[in-house]
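S.K.: My questions are about this predicted structure, shown below with the sequence.
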Amino acid sequence: MPILEVENLSVTFRQYASGLKERNIRAISNLSVTLEQGEVLAVVGASGSGKSLLAHAILGILPANAETAGSIKYCGETLTAKRTQSLRGREIALVPQSVGYLDPLMRVGNQVRTAVRNGKPAEEQRKVFKRYKLKSVVEKLFPFELSGGMARRVLLSTAMVSGAKVIIADEPTPGLDPEALNEALLNLRELGDQGCAVMLITHDIDSALRIADKIAVFYAGTTVEIAPAKDFTGDGEHLRHPYSKALWGALPQNGFTPIPGSQPHSAALPPGCLFASRCEKATKECHQAQPDLRELRNGKVRCIHAT
Ligand SMILES: Nc1ncnc2c1ncn2[C@@H]1O[C@H](COP(=O)(O)OP(=O)(O)OP(=O)(O)O)[C@@H](O)[C@H]1O
Ligand code: NI
C-alpha cells in the first residue's frame, strides 16, 4: 500500500474580477500520484504547473479561497482537515519553497529544536547543523541574519530532525553551494533508504535524477507522466509523454531545444489535452477531451498517442 496516495485532486480558486464577475482558476486538475515507503519521487515541471500547491494540499495549508476535489490518503486513510493537522510536522514534514516560512522572531536553533521528535532537542539540532556545516553561532541567530543558503539549510534541518515518515521538499536547493547541495541530496536519499517516503519538488532535473527512483512530470496542473528515473536518458526515447520528451530535450546537455508556445493559463484551460496546442502529435481527438492517466511500460502517461 502506498504511504501517500493522491487521487484525482483538483484545486480551484474563485476570483472576483471587476463588475462582480467571477472567474475560476483551475490550478490543479485530476492530478494523481502515489508515494511508496522508501521511495524518492521527484516532481518536475514548469513554473506554475501546480507543484507547490500539491505540497500545500497534502499538508492542508492551502489558502482559504481554494476549493479542492478528489482525495488524499495517508496509510490508506483519507486525510481530513483534522487528521492532517495532527500529522503535520510529525508524520508529514514540509521543507517549504520560501525561506519566509521561518519564524522571524525566534532564534533558528530553537526553531529546529521544537521540531525534534526523537532524542534530545539541543543535541539533535547541533548534530544536524554540523552536518549542514552551520557553525555553532548560527543557532543563536534570527532568520533575518542568515544568508539565503543558510536559511535553506535551516529549513532542511527542521525537516530532517522531525522524524517524519513523509518528507515533502519543495525546491530545497536553490542558493546552496555545490557542497551543501550534495549534502542535501544525499540526506534526502538516505531518508528514503531508511524507509521514509520523500517527495522532491524541483526545477533541477539533473539533481533529481541523482537520487530519485521515480519522476512525476507536471504540466498545467496535472501529471502528464510518471516514469522510473532511469527512463530519463539518451534522447528521451524511453519517455512516454511528448512534454516529458520536450522537457528533457530542453536541458542544456541535450541540445537546449526549446518548446514553442506556452503552458495554458489556469484561468483558461482548454477542454482537451492540456499540452495539445504545443504538441506535434496532436490530432482532432486530443482537443476534445482530457486523456486519462494510463499505465504504460512500467510507468503512467496521460496521452492517447503514447506507445
Ligand atoms: N492563492 C492563489 N490564488 C489564485 N491562483 C493561485 C494561488 N496560488 C497559486 N495559484 C495558481 O496556481 C498555479 C500553480 O502554482 P504553484 O505555486 O503550485 O506552481 P509551482 O509549480 O510550484 O511553480 P514554481 O515552480 O514557480 O514554484 C499558478 O499558475 C498560480 O497562478
Ligand atoms: Ni512552487
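M.R.: Structure received. Ligands and ions are numbered 1, 2, ... in the order given.
S.K.: From here on, just use CA atoms for contacts and neighbour counts.
M.R.: Noted.
S.K.: need the helices for the chain, in chain order.
M.R.: For the chain, applying DSSP state H gives helices covering 51-59, 81-87, 108-115, 121-131, 148-160, 178-193, 205-211, 242-249.
S.K.: Out of the ones you listed, flag the one nearest residue 273.
M.R.: Of all the helices of the chain, it is helix 242-249 that lies closest to residue 273, at 11.4 Å by Cα to Cα.
S.K.: Establish whether that closest one and ligand 1 are in contact.
M.R.: No. Residues of helix 242-249 contacting ligand 1 under Cα under 6 Å from any ligand atom: none, with a closest distance of 13.8 Å.
S.K.: How about residues contacting that helix?
M.R.: With contact meaning Cα atoms under 8 Å, 6 or more residues apart in numbering, helix 242-249 is reached by 217, 219, 224-225, 232, 235-237, 239, 254-259, 275, 279, 281, 306.
S.K.: Isn't residue 4 up against residue 72?
M.R.: Yes. Between residue 4 and residue 72 a contact is recorded at 7.2 Å, counting by Cα atoms under 8 Å.
S.K.: tell me which parts of the stretch 151-300 of the chain are close to ligand 1?
M.R.: residue 266.
S.K.: Please name whichever of the helices of the chain is nearest to residue 96.
M.R.: Counting by Cα to Cα, residue 96 lies closest to helix 148-160 out of the helices of the chain; the figure is 7.3 Å.
S.K.: If the most centrally placed residue in the chain is in a bridge, with which residues?
M.R.: The chain has residue 201 as the residue nearest its centroid, 3.1 Å off, counting by Cα atoms, centre = their mean. Beta-bridge pairing for residue 201 (DSSP bridges): residue 43, residue 170.
S.K.: What residues does it make contact with?
M.R.: 42-44, 51-52, 168-172.
S.K.: again with residue 62
M.R.: By Cα under 8 Å, 6+ apart, residue 62 lies in contact with 53, 56.
S.K.: what does residue 275 give?
M.R.: 219, 243, 263.
S.K.: Also residue 89?
M.R.: 115, 159, 162, 164.
S.K.: Kindly present the contacts of residue 275 as a markdown table, with separate columns for neighbour count.
M.R.: Output for these, formatted as a markdown table (neighbours: other Cα atoms under 10 Å):
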| residue | neighbour count |
| --- | --- |
| 219 | 24 |
| 243 | 22 |
| 263 | 18 |
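S.K.: now those as TSV including pLDDT?
M.R.: TSV is the format used below for those (pLDDT from 0 to 100):
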residue	pLDDT
219	97
243	97
263	95
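S.K.: and of these, the nearest to ligand 1?
M.R.: residue 219 (8.5 Å; Cα to the nearest ligand atom).
S.K.: Without its sequence neighbours, what residue ends up closest to the closest one?
M.R.: Distances taken as Cα to Cα, 6 or more residues apart in numbering put residue 49 closest to residue 219, at 5.2 Å, once the chain neighbours are dropped.
S.K.: Check the one you found and give its pLDDT.
M.R.: At residue 49, the model reports a pLDDT of 96.
S.K.: What is the neighbour count of it?
M.R.: By the criterion of other Cα atoms under 10 Å, residue 49 has 23 neighbours.
S.K.: cool, and the one 10 residues further on?
M.R.: Other residues within reach of residue 59 by the criterion other Cα under 10 Å amount to 20.
S.K.: can you pull the contacts of it?
M.R.: 84-85, 88, 92-94 are the contacts of residue 59 under Cα under 8 Å, 6+ apart.
S.K.: Among those, pick out the one closest to residue 11, please.
M.R.: Nearest to residue 11, judged by Cα to Cα, of these is residue 84 at 16.9 Å.
S.K.: so the closest one touches residue 60, yeah?
M.R.: Yes. At 6.1 Å, residue 84 counts as touching residue 60 under the criterion of Cα under 8 Å.
S.K.: and stretch 127-134, which residues are buried?
M.R.: 128-129, 131-132, 134 (16 or more other Cα atoms under 10 Å).
S.K.: With stretch 140-150 instead?
M.R.: Quick answer for stretch 140-150 (16+ other Cα under 10 Å): 142-143, 148-150.
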